[in-house]
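Novice: After the sequence you'll find the predicted model.
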Amino acid sequence: AARKLVHAGMGLFALALPFLTWWQAAVCALAAFCHNWLLLPRIIGHRMSSARSDASDQGVLLYPIVVGALILVFFRDMTAAAVGWGFLAFGDAAAGVAGMKWGRRALPWNGGKTWAGSLGGFLGASAGGTLACLAFVLGRGATGDDTVFPAGVLVGIIVAAAGYALVEGAPLAVDDNLLAPVLAAIVFHSFQTGGQTGSDTVASWAAGPLVVLLAVNAFCAL
C-alpha cells in the first residue's frame, strides 16, 4: 500500500506540465531516472521493496522512462502526455489496492489479475486522467487563454481509461506499466485529433471506418 501511495503521489508532478516546454519536461524525466537509479537506493534502501516474491522492483526505474516516452511521443500535444501520466500514476495504484483488498475472482484471460483490480484501474485512470487534463485547462486559463473543458474530452478520457484497464489486465510479456499508459494516451489523443470532441469522433467513425476497424480486429482475433 505504501508503494502504491508513492506511485500515485508522483503523478501529481504531471500538474506542472502545462507550465513546461516539452524539452524541459524531458530533462525533468531524465533527472528523475538518475535520481531513482543512483540516489533513491541510498536514501531508503529496500524499505520500499515489493512484498510479492515474483516482483522485480524495476518499476521505480520504468516509471520515469515511461513518463519520458510519453513526453517525447506527444511533444506536440502535452495534454495527452499528462493524461497518460495520470493513467500510469492513479490507474496502476488503484488497480493494485483494489486487487489486494477486494480481488476474489480472477480474469478469465489472466489468472494473476482480478475483476476488482481492473475496475479499480479503470476508475483510478479516469480520475487521474481527468485531473491531469483539468490542470491544462486551469494552466491555460492562468495565462489568459479562454480554454474550456469540453464534455467530449471526458468521453475520450473514459474510453482511454477503459483501454488502459484492458491492457493492464492482459497477460503481456512486458511490464504492463510500459505499454498500458502509452497506448491509452494514444487512444485519448486520437479523440482530440483535428479539434474534434470525443462524441464528434465517435459519430464520424460510426458510419464507415469503425466498421472496417472492427472487422480487421475480429479477423486477427480469430
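Specialist: The structure has been received and is ready for your questions. Residues are numbered from 1 along each chain as shown.

Novice: pull the helix or strand with minimum mean pLDDT from this structure.
Specialist: One helix or strand of the chain scores below all others by mean pLDDT, DSSP states H and E: helix 198-206, with a mean of 53.

Novice: Can you name the next helix or strand after it?
Specialist: Counting by DSSP states H and E, the next helix or strand C-terminal to helix 198-206 is helix 209-221.

Novice: I'd like the average pLDDT over that following helix.
Specialist: On average, the pLDDT along helix 209-221 is 77.

Novice: so what secondary structure elements neighbour the lengthiest strand in the chain?
Specialist: Counting residues, the longest strand found in the chain (DSSP state E) is strand 110-114. If you count contacts as 3 or more CB pairs under 8 Å, 6 or more residues apart in numbering; DSSP states H and E, strand 110-114 packs onto helix 92-102, strand 106-107. The way it works is simple: take the backbone N, C-alpha and C, and place the C-beta from them, glycine included.

Novice: Run me through the strand neighbours of that strand, direction for each.
Specialist: Its sheet considered, strand 110-114 pairs with strand 106-107 (antiparallel) by DSSP bridges.

Novice: quick one on the thing from earlier: name the helices or strands packed onto the helix or strand just after the longest strand of the chain?
Specialist: Using DSSP H and E, the helix or strand that follows strand 110-114 in sequence is helix 115-142. When contacts are defined as 3+ CB pairs under 8 Å, 6+ apart, helix 115-142 sits against helix 78-86, helix 92-102, strand 106-107, helix 151-168.

Novice: Report the buried residues of helix 115-142.
Specialist: 115-133, 135-137, 139 (16 or more other CB atoms under 10 Å).

Novice: how about low-confidence regions in the protein?
Specialist: 45-57, 140-149, 193-209 (pLDDT under 70).

Novice: so who does the residue at minimal distance from the centre of the chain touch?
Specialist: For the chain, the residue nearest the mean C-alpha position is Phe87 (2.5 Å; CA atoms, centre = their mean). The contact partners of Phe87, by CB atoms under 8 Å, 6 or more residues apart in numbering, come to 125, 128-129, 160-161, 164, 180-181, 184-185.

Novice: now with 6 Å?
Specialist: 125, 128-129, 164, 181, 184 (CB atoms under 6 Å, 6 or more residues apart in numbering).

Novice: what does His7 give?
Specialist: Ala93.

Novice: Alpha carbons only: can I get the host helix or strand of it in CSV?
Specialist: Using DSSP H and E, His7 maps to helix 2-9. Coordinates of each C-alpha in helix 2-9 appear next as CSV, following Å, rounded to 0.1, in the frame of the first residue of the first chain:
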residue,chain,number,x,y,z
ALA,A,2,2.9,2.4,0.8
ARG,A,3,4.4,1.7,-2.6
LYS,A,4,1.1,2.4,-4.4
LEU,A,5,0.7,5.6,-2.4
VAL,A,6,4.1,6.8,-3.6
HIS,A,7,3.3,5.6,-7.1
ALA,A,8,0.1,7.7,-7.2
GLY,A,9,1.7,10.7,-5.4
